[in-house]
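In: Build the 3D model from these lines:
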Amino acid sequence: MNASGYRYKQNRFQQLRGFCYAAALGSVSKAARRMYLSQPAVSQQIQSLENELAVTLFVRRGSKMQLTHDGELLFEMARPLIEALENLDEQFRQRRSEVDEGHVEIAAGLSTIMYFLPKHVEAFRQAHPKIEVRLQHVTGLEGLERLRTGLVDLAVGPLMQIPADIEFHPIISYDAVVITCLGHPLAQKENLTLEEISRYPLILPPRNLSTWPMVDNTFKKHGLSYTVAMEVGGWEAIKKYVELGLGISIIIRIGITGAEKLEVIPAGKFFRGRAYGLVLRKGRILTPQAKRFVTLLLGSRKAVNP
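Out: The predicted structure follows:
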């Protein structure tokens, strides 16, 4: 290879690297900070790439950058290559040493961390005691954002809608239940109806979480009004206030441990259940540590029952 061809290959990698970081983060300035470069340097990389390919890769919508059709195509093709090269040194060291250590970054919601993950993390730590498990407590949308920007290796939990760039591997499903204080009139009903449930004040998680729209959509679909008495973060807190008789709630059965002083009424025929599973970004090259956790989690599908 002549000198000019060598420089071309080097420049193309830097151009694509700057482009991919800007595309993933939606900002040249954020890409520059992540790459430890100046903003003008990254802008120049993208501009020179556009000039050499004779395409426009980004359009600006106010303060935001959006990929053009050509930009989306190039991002889809270039991202796996850049990620492979970015991770090459670490992958090489891991393969050489074959030491079962390091860490795995996992994004998950509170219910997943409290009720779904403990047995899997325990099994993983027993099998790989030198690998540190880092659980990042996030909402579903935050988890997807961290997955896309590479801040976590994988996410775990329910996923109601699956974006085109995301893979979801369900592990286990749980039905919805109505919980009430002991001796509540609803617990005495043989054929409970949705209308009867709607008559009692509800205690729900914050509006930005998935339970609220599930409940709201169900009641609206059937033309029923309802009242929210309290908005409380976390199922453990919700269960405590329900035990006190301050309202009823609709949660997923995974949150029931059996130690609660509650009436637990099946409600799967009214409210949608929830599948908990593994969330991955398509095309992402996993670290050896993350691969081990993924293998363990997927291997549990036949062994775990609600």
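
In: mind listing the helices for the stretch 1-150 of the chain?
Out: In the stretch 1-150 of the chain, the helices defined using DSSP state H, counting those that start in this stretch lie at 3-25, 28-35, 39-53, 69-86, 88-97, 110-111, 118-127, 140-148.

In: Worst mean pLDDT among these?
Out: When the helices of the stretch 1-150 of the chain are compared by mean pLDDT, helix 88-97 comes last with a mean of 69.

In: so what's the closest residue to Met65 other than its chain neighbours up against?
Out: Taking C-beta to C-beta, 6 or more residues apart in numbering as the measure, Met65 lies nearest to Phe58, with 4.9 Å between them; neighbours along the chain are not counted. Yep, even glycine has a C-beta here, placed from its N, CA and C like the rest. With contacts taken as C-beta atoms under 8 Å, 6 or more residues apart in numbering, Phe58 has the following neighbours: Ala22, Ala23, Ile46, Met65, Gln66, Leu67, Thr68, Gly71.

In: that older thread, nearest to Ala229, out of the helices of the stretch 1-150 of the chain?
Out: When these are compared for distance to Ala229 using C-beta to C-beta, the nearest one is helix 110-111, at 20.9 Å.

In: Quick check: which helices or strands does the closest one pack against?
Out: In terms of contact count using 3 or more C-beta pairs under 8 Å, 6 or more residues apart in numbering; DSSP states H and E, helix 110-111 is assigned no packing partners among helices or strands.

In: which ones are touching the closest residue to Ser29 other than its chain neighbours?
Out: Ranked by C-beta to C-beta, 6+ apart and with sequence neighbours excluded, the top spatial neighbour of Ser29 is Gln39, at 5.1 Å. Under the criterion of C-beta under 8 Å, 6+ apart, the contact partners of Gln39 comprise Val28, Ser29, Ala32.

In: Excluding residues flanking it in the chain, which one is nearest Gly233?
Out: With C-beta to C-beta, 6+ apart as the criterion, Gly233 has its nearest non-adjacent residue at 5.8 Å, and that residue is Pro206.

In: next one: Ile256
Out: For Ile256, the spatially nearest residue (C-beta to C-beta, 6+ apart) is Val264, at 5.6 Å.

In: from what I can see that neighbour touches Val177, true?
Out: Yes - using C-beta atoms under 8 Å, Val264 is in contact with Val177, at 5.2 Å.

In: So those two - more neighbours on which side?
Out: When Val264 and Val177 are compared for neighbours, Val177 comes out ahead with 22 against 15, by other C-beta atoms under 10 Å.

In: ok, now which ones touch Ala127?
Out: Arg292, Leu296.

In: got the contact list for the residue nearest to Gly233?
Out: Residues in contact with Pro206 (C-beta under 8 Å, 6+ apart) are Trp212, Glu231, Gly233.

In: quick one: which of the residues you listed sit in strands?
Out: With strands identified by DSSP state E, the entries of the contacts of Pro206 that belong to them are Glu231.

In: sorry, back to before: right, and the helices of the stretch 1-150 of the chain - which one's nearest Gly247?
Out: Judged by C-beta to C-beta, the one of those that comes nearest to Gly247 is helix 110-111, at 19.0 Å.

In: Show me how far that closest one is from its chain's centre.
Out: Between the centre of helix 110-111 and the centre of its chain there are 12 Å (C-alpha atoms, centre = their mean, to the nearest Å).

In: residues contacting the residue nearest to Leu74 when sequence neighbours are not counted?
Out: The shortest distance from Leu74 to any residue that is not its chain neighbour, by C-beta to C-beta, 6+ apart, is 6.5 Å, and that residue is Leu57. For Leu57, the contacting residues are Phe19, Ala23, Ile46, Leu49, Glu50, Leu67, Thr68, Asp70, Gly71, Leu74, taking C-beta under 8 Å, 6+ apart as the criterion.

In: Could I get the pLDDT score of the residue nearest to the fifth one when sequence neighbours are not counted?
Out: To tie it back to what came earlier, the one meant is Glu50. Nearest residue to Glu50 in three dimensions, chain neighbours excluded: Leu57, at 5.5 Å (C-beta to C-beta, 6+ apart). At Leu57 the predicted local distance difference test score is 94.

In: phi, psi of Leu57?
Out: Comment: the main-chain dihedrals of Leu57 come out as phi -100, psi -30, following degrees, to the nearest 10.

In: Likewise for Met160?
Out: Dihedral angles for Met160 - degrees, to the nearest 10 - are phi -70, psi -40.
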